[in-house]
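Participant: With the input below, show me the fold.
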Amino acid sequence: MSERHIHMAGSVVERHIIKGGGGSGRDVFEYALLRVVPRVERGECINAGVLVYCRAQGYVGARTHLDEARLRALDPDADVAGIRAALAAVERVCGGGDTAGQAASDDAGRRFRWLIAPRSTVVQPGPVHTGVTLDPAAETERLLELLVR
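Facilitator: Numbering: from 1, shown residues only. As a prediction, the model looks like this:
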């Protein structure tokens, strides 16, 4: 499937749209890494989690893993408890329900967009990437193992 757009300069641009399903059972998903930047002025970071959103399946999930030894290598005085609390809050928001706080009644897409918006200098979302998957929950685990641990 494609979409045609006409730009103001008069040129026609065609965009291809990946549509979930289509017999393959695969759905488009988006993901972003959660990075911990203990000393912003140095710009050093470690990956500490992954957020996954699959619109077709109404799924948003997060898995986190904080490697304390790597964190302490970047900043021996890092607030480990505070960072763990921030990462746990991300997982709660993904889960929805009463533990999600203000985001409790939001749909999966709104929760994902809220989580990828920068709001902390220490725990930062990375850029959003896309892929296709049969199982977004399994993809969350796969990305955690591949990119975080």
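
Participant: going forward, measure contacts between C-alpha atoms and count neighbours the same way
Facilitator: Will do.

Participant: What is the longest helix of this structure by residue count?
Facilitator: helix 80-95 (DSSP state H).

Participant: average pLDDT across that one?
Facilitator: Average pLDDT, helix 80-95: 92.

Participant: Could you check the next helix or strand after it and say which residues are buried?
Facilitator: Downstream of helix 80-95, the first helix or strand assigned by DSSP states H and E is helix 108-116. By neighbour count on 16 or more other CA atoms under 10 Å, the buried set for helix 108-116 is 108-109, 111-112, 115-116.

Participant: With stretch 64-73 instead?
Facilitator: Buried-residue list, stretch 64-73, by 16+ other CA under 10 Å: 64-66, 71.

Participant: Could you do stretch 98-111 as well?
Facilitator: Those buried within stretch 98-111 under the rule 16+ other CA under 10 Å are 100, 103-104, 108-109, 111.

Participant: Now render the residues you listed as a markdown table, adding distance to residue 34.
Facilitator: Output for the buried residues of stretch 98-111, formatted as a markdown table (distance: CA to CA, whole Å):
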| residue | distance to residue 34 |
| --- | --- |
| 100 | 18 |
| 103 | 19 |
| 104 | 21 |
| 108 | 18 |
| 109 | 17 |
| 111 | 15 |
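
Participant: And those, which two are furthest apart?
Facilitator: 100 and 109 (14.0 Å; CA to CA).

Participant: close enough to count as contact, residue 127 and residue 32?
Facilitator: Yes. With contacts counted by CA atoms under 8 Å, residue 127 reaches residue 32, the gap being 5.8 Å.

Participant: which residues are common contacts for these two?
Facilitator: The contact sets of residue 127 and residue 32 do not overlap (CA atoms under 8 Å, 6 or more residues apart in numbering).
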